[in-house]
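J.: what's the 3D shape of this:
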Amino acid sequence: MKPTDSEMEILQILWTEGQCSVRNVHERLDRKDVGYTTTLKLMQIMHDKGMVSRDSSTKTHVYKALLSKEQTQHQFLDKMIDAVYNGSTARLVMQALGTHRASKEEIDIIKAYLDNLENS
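T.: Numbers count the residues shown, from 1 in each chain. As a prediction, the model looks like this:
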């Protein structure tokens, strides 16, 4: 299941914080044009979709992400590589490195990763 952009914002907060009330998530959202009730409704929908769990044992319901960050990133990346780069990982990497300046440390990490791939 692919989260919407708004759902991704909420998941990012839950992945960072571990678990949060709706109020905590709402206060951490970058978009201040969204009302509390909208955040509440989105989180209820995410619960219905099975993206988050909800502990309702206390007055303040606490939510926790059920989707793993790694799995969600993997799904988004696969879809983007297929849709935008016609399935070519090389095109994605060349575009990313050509558009965004990588630090020497990042380039060293990428080289080491490629060496490990080549040797496996």
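
J.: CA atoms for contacts and neighbours, from now on please.
T.: Noted.

J.: so what does the helix or strand harbouring L92 touch, helix or strand wise?
T.: Using DSSP states H and E, L92 maps to helix 89-99. Judged by 3 or more Cα pairs under 8 Å, 6 or more residues apart in numbering; DSSP states H and E, helix 89-99 is in contact with helix 69-85.

J.: May I have the helix it packs on exported as CSV, CA atoms only?
T.: What follows is helix 69-85, C-alpha atoms only, in CSV (Å, rounded to 0.1, in the frame of the first residue of the first chain):
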residue,chain,number,x,y,z
LYS,A,69,10.3,3.0,7.0
GLU,A,70,12.6,0.8,5.0
GLN,A,71,9.8,-1.1,3.3
THR,A,72,8.0,2.1,2.4
GLN,A,73,11.1,3.7,1.0
HIS,A,74,11.7,0.5,-1.0
GLN,A,75,8.2,0.6,-2.5
PHE,A,76,8.5,4.3,-3.4
LEU,A,77,11.9,3.9,-4.9
ASP,A,78,10.9,0.8,-7.0
LYS,A,79,7.8,2.7,-8.3
MET,A,80,9.9,5.8,-9.1
ILE,A,81,12.6,3.8,-10.9
ASP,A,82,10.0,2.0,-13.0
ALA,A,83,7.9,5.1,-13.8
VAL,A,84,10.5,7.8,-14.2
TYR,A,85,13.6,6.0,-15.2
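
J.: Pull out the buried residues from it.
T.: Within helix 69-85, the residues scored as buried using 16 or more other Cα atoms under 10 Å are T72, I81.

J.: quick one: the helices in the protein?
T.: Applying DSSP state H to the chain gives helices spanning 5-17, 22-28, 36-49, 69-85, 89-99, 104-119.

J.: Kindly reformat the ones you listed as JSON lines and extend each row with distance to D55 and mean pLDDT.
T.: Below are the helices of the chain laid out as JSON lines (distance: least, Cα to Cα, whole Å; pLDDT from 0 to 100):
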{"stretch": "helix 5-17", "distance to D55": "14", "mean pLDDT": "95"}
{"stretch": "helix 22-28", "distance to D55": "12", "mean pLDDT": "94"}
{"stretch": "helix 36-49", "distance to D55": "11", "mean pLDDT": "95"}
{"stretch": "helix 69-85", "distance to D55": "20", "mean pLDDT": "91"}
{"stretch": "helix 89-99", "distance to D55": "40", "mean pLDDT": "88"}
{"stretch": "helix 104-119", "distance to D55": "40", "mean pLDDT": "91"}
